[in-house]
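A.B. asks: need the 3D shape of this:
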Amino acid sequence: KGKLLFGQSEGIVEYALDDGAEKLVIAPIGSNKITLRDPALSPDGKRLAYLHAFPLRSINKKIEASNDVWVANRDGSDAHVAYVHDTFNQLVLFPAWLDNQHVVAVVRVSPDAMASTAIAFTFERIDVGTGERKRLLTDVLDFGLSRDRTQVVYAQFAAGVPDRLILADIDAATGDISN
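C.D. replies: Modelled structure (predicted):
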């Protein structure tokens with residue numbers, strides 16, 4: 001019947017749909033306050049990408065929330081960082097594999113984790129081998145990929161512009177987007 005992968009306080013867990021059995025696949029490395037979440041299975045089924053989220057912390061009277069993208073083999077072995085956040089309050093959200101080498105995600109940057117203004121949302125491609133990021137779109141709040149990963153539908157959210165859903169083609173080799 002299949003299996004589900006999900007993040008919870010203990011780490012990335014595999015849940016068997018037939019009998020409800022749970023198996024811990026990946027436990028957090030380091031602080032026990034780190035949360036692993038949003039696991040995504042690569043197209044070839046061999047690797048997982050997931051978020052390594054740090055606990056909220058106060059810096060200079062501002063609340064900071066950041067996370068990194070990690071990858072591991074499907075069985076949880078060889079877990080390692082693929083992308084390290086490079087600025088204050090940078091959150092990677094909703095990772096999804098574009099191909100077996102690249103993850104796409106929304107990257108959120110804000111001056112304060114609790115702020116509701118001055119937030120930038122971008123849709124980016126991350127090379128899990130090098131950590132290199134390429135900005136593909138701006139003002140992307142959320143997205144979904146087609147099964148063949150050639151198209152993306154995304155929710156555009158920008159100040160002064162009506163919210164809308166946009167369908168775009170993706171050239172996976174270059175990460176280029178055409179509406």
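A.B. asks: which residue of the protein lies farthest from its centroid?
C.D. replies: In the chain, Asp19 marks the outermost C-alpha relative to the chain mean, sitting 28.9 Å out by Cα atoms, centre = their mean.
A.B. asks: let me know whether Leu167 touches Gln151 as I believe.
C.D. replies: Yes: using Cβ atoms under 8 Å, Leu167 makes contact with Gln151 at a distance of 6.2 Å. Placement of C-beta: from N, CA and C, glycine included.
A.B. asks: between these two, tell me which one has more neighbours.
C.D. replies: Legend: neighbour count by other Cβ atoms under 10 Å for Leu167 and Gln151, higher for Gln151 (14 against 11).
A.B. asks: and that one, how close does it get to Lys1?
C.D. replies: In this structure, Gln151 and Lys1 are 29 Å apart, going by Cβ to Cβ, to the nearest Å.
A.B. asks: over to Ala118?
C.D. replies: Separation of Ala118 from Lys1 (Cβ to Cβ) stands at 46 Å.
A.B. asks: so those two - more neighbours on which side?
C.D. replies: Taking neighbours as other Cβ under 10 Å, Ala118 and Lys1 compare with Ala118 leading, 10 against 6.
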